[in-house]
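*Asks:* Pasting the sequence and the predicted coordinates here, then a few questions.
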4 protein chains.
Amino acid sequence: MSRPREEKYQAILDAATEAFAEYGFFNSQISKIAKLAGVADGTIYLYFKNKEDILISLFTERMGKFIIEVLQEIEKCQTAKERLLRIIKTHLRYMQENRSLAMFTQIELRQSNPKIREAISGPLREYFHCIEQVLTEGVKNGEFALPDIVVGRQMLFGTLDAMVSDWVISKKPRALEDLEDTAFDLMCGAFRIRDGN
Amino acid sequence: MSRPREEKYQAILDAATEAFAEYGFFNSQISKIAKLAGVADGTIYLYFKNKEDILISLFTERMGKFIIEVLQEIEKCQTAKERLLRIIKTHLRYMQENRSLAMFTQIELRQSNPKIREAISGPLREYFHCIEQVLTEGVKNGEFALPDIVVGRQMLFGTLDAMVSDWVISKKPRALEDLEDTAFDLMCGAFRIRDGN
Amino acid sequence: MSRPREEKYQAILDAATEAFAEYGFFNSQISKIAKLAGVADGTIYLYFKNKEDILISLFTERMGKFIIEVLQEIEKCQTAKERLLRIIKTHLRYMQENRSLAMFTQIELRQSNPKIREAISGPLREYFHCIEQVLTEGVKNGEFALPDIVVGRQMLFGTLDAMVSDWVISKKPRALEDLEDTAFDLMCGAFRIRDGN
Amino acid sequence: MSRPREEKYQAILDAATEAFAEYGFFNSQISKIAKLAGVADGTIYLYFKNKEDILISLFTERMGKFIIEVLQEIEKCQTAKERLLRIIKTHLRYMQENRSLAMFTQIELRQSNPKIREAISGPLREYFHCIEQVLTEGVKNGEFALPDIVVGRQMLFGTLDAMVSDWVISKKPRALEDLEDTAFDLMCGAFRIRDGN
DNA sequence: TATGAATGAGATTTCATTCAT
DNA sequence: CATGAATGAAATCTCATTCAT
């Protein structure tokens, strides 16, 4: 049974998240990750091909879970407007609850190494696609007025990302949740969503 | 006569910009930068204390020039609405004309090394402050309706940043300039700016 | 079972002794020491913090052993005169049997680096103290006539050190042992020790 | 006229003495010496072949002056006993007045680099020879009883050297001069010199 | 599977020396 | 003669990865 296998795999991923978030990819030595995970250095190479592979696996997995959560939340909604609010809430709350992931995303999202950049862009594009679909629907059924879907997505994602970025960097941050309503309010204005439900 | 001195300093900074943009800070070896700049490895240490110092000098200098340009453009404007448009245009055009700086900003903006992060945050905060002042003025004189200045700034900067990010990553990008009007249009909606000038 | 660990530690120390003796501290590159010890360069840093640490460990360990031997020999003796002879014999014989240590002591004893000098002065002072105690006893019980204990120690140590120094530098040296009796004879004169018993 | 040439040559030598005494040979960079001497780095190479050459020239010159002084002092004396006292006094006083030279001698006398060691041993051997001649004479005319001239020289030089060494290392040293009489007293005992002049 | 000691390639940085001015 | 900017070889140290146990 591969339960222990799975356990150690997760332990390493958790340790890497923490380390990458705090020190960045290049300053997180394998030995540091191994110690945090409570395994030997060599053990890591039983679960991952190399250091890069940890980063890629990490991002794919964690971002994957995030997207699944977003999708689940969205599905519960009736209108595009509701979905927009859901995306905002889920994004900010998820990041708030996973500060390490948030930091790590902020810090390592835009990795320089082309191979890593490539691997990372997959899950991110998926998220972008999900956002764009919601916007497209909103436009189609007349809820939103939006001259360009992609620009709309850039605005929505960019705003949320900037909020998380500020929150991650500042030491005593205003809770991310508190920004939900204001963010939603502004987005409604940008997308010309009428006040009534 | 320090003309040659200044020349070499700039050559190294240019080389570093290029290298950091393409490979990232950690994968840009001093020898690589030196070769790009057409100087010997040791020469770099006549102009910079160490590798970190290059990054910090680079960001401070280039970002400084950017902010000066933004400020100059803003001053020409009469209304806050015009200033908003100016910021959008200047930001996107400057980044388009300095792709390396844009890439580098995207990539290294969120550095893990605390010392670098600290040094980098200065010029950035200055830019944020500049944006927030424009927004505050707009609210004061009734041009904008905005529940929260900081959130407004996050939206404006976040949107522009996401646009640059997309542009930098995609290989055959739509010109950044083409996004100006749409971005301005959406921001006007978000900030409840009336259509008439 | 840390037998191999201890073995490698000693191998590196032996290699360093040899290298330092022949080439001096600054001209003994880590790679040279590693090759002599039969390990990889990096291995050295598993056992020592840095190059300085090798020098300090080396001196502390080897000088410590020497002092222990001197103390053991001294304890066997009844009179201060006998102890004086024992110190002379042990000093010269130990250095003769550990030519590398002798060279190294001669060469690196007076290091320029303050941190090293500090670390090295400890064991040396211990040896000086041991000599001075013997002299003090001899004076107290009337065996020696000595106007100044410290000067007495300087004379004894200086003489032995000069002998070792000559022996180390000259290529075809007279055996150090052969000097024992003459040295003792002269010291007896200097310290006004009577010929009998 | 080569007055200015000579001046700069001496300035560099003085600077080197100071630097070597304080930091040791390897930690005294050419640029440091140049700055101390008030000349440009390159200028040093107009006067010396390389860094080693400075050390060798330095030692040869300064030690040469010392030996000349010793010889002059000795010549004034009538008896070997007087000459012995003269050597002791001149040695200790000269070192006291040239603390940098003393430090430098203590620190760099026993250099590891074979080429340097070779060059340094010349002047030193000359001094040894001078001492040994005094001792030989003393023995010949019955003033001294000494079983071995070389051992006698080792004792005399070793004692003086140990005194200087202690003086150089200790921060608040007893004046070297104060040791003259005690040292002479002990040497008289060692060499069986009768009390009467 | 798991370990962690050992490896050695590779990176940053220093500094003696040169040479155009 | 004098300068000091530039050079680039070389040294220390780090750390991802391997492999015998």
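*Replies:* Here it is on my side, so go on.

*Asks:* what's the burial count for residue A:164?
*Replies:* 25 (other Cβ atoms under 10 Å in any protein chain shown). Where C-beta positions appear, they are placed from N, C-alpha and C, glycine not excepted.

*Asks:* List the buried residues in the longest helix seen in chain A.
*Replies:* Taking DSSP state H as the criterion, chain A has its longest helix at helix A:114-140. Neighbour counts over helix A:114-140 (16 or more other Cβ atoms under 10 Å in any protein chain shown) mark A:116, A:119-121, A:123-124, A:127-128, A:130-132, A:134-136, A:138-139 as buried.

*Asks:* Show me how far it is from its chain's centre.
*Replies:* Distance, stretch centre to chain centre, for helix A:114-140: 11 Å (Cα atoms, centre = their mean, to the nearest Å).

*Asks:* and that helix, does that touch DNA strand F?
*Replies:* No: for helix A:114-140, no contact with DNA strand F is found by Cβ under 7 Å from any atom of the strand; the gap never falls below 11.5 Å.

*Asks:* could you say what helices and strands the helix or strand that comes right after that helix packs with?
*Replies:* Using DSSP states H and E, the helix or strand that follows helix A:114-140 in sequence is helix A:149-169. Counting by 3 or more Cβ pairs under 8 Å, 6 or more residues apart in numbering or on different chains; DSSP states H and E, the packing neighbours recorded for helix A:149-169 are helix A:80-97, helix A:99-108, helix A:114-140, helix A:180-190, helix B:149-169, helix B:180-190.

*Asks:* when you compare where helix A:149-169 runs with where helix B:180-190 runs, what's the angle?
*Replies:* Interaxial angle, helix A:149-169 versus helix B:180-190 (axes from the mean of the first three to the mean of the last three Cα atoms, to 10 degrees): 70 degrees.

*Asks:* Next, the buried residues of helix A:149-169.
*Replies:* Neighbour-count burial for helix A:149-169 [16+ other Cβ under 10 Å]: A:149-168.

*Asks:* now that helix and helix A:80-97, what's the angle there?
*Replies:* 30 degrees.

*Asks:* Helix A:149-169 relative to helix B:114-140, how many degrees between them?
*Replies:* 120 degrees.

*Asks:* centroid residue for chain A?
*Replies:* residue A:63 (5.3 Å; Cα atoms, centre = their mean).

*Asks:* and the closest residue to that one other than its chain neighbours, what does it touch?
*Replies:* Spatially, and ignoring its direct neighbours in sequence, residue A:63 is nearest to residue A:123 (3.8 Å; Cβ to Cβ, 6 or more residues apart in numbering or on different chains). If you count contacts by Cβ atoms under 8 Å, 6 or more residues apart in numbering or on different chains, residue A:123 has them with A:59, A:60, A:63, A:64, A:67.

*Asks:* Show the low-confidence segments of chain A, by residue range.
*Replies:* For chain A, the stretches flagged by pLDDT under 70 are A:1-4, A:105-114, A:171-173, A:196-197.

*Asks:* Can you give the domain ranges for it?
*Replies:* The record, using automatic domain parsing to delimit domains, assigns chain A the ranges A:1-48, A:55-190.

*Asks:* Pick the most deeply packed of those.
*Replies:* Counting by mean count of other Cβ atoms under 10 Å in any protein chain shown, domain A:55-190 has the highest mean neighbour count of the domains of chain A, with a mean of 19.
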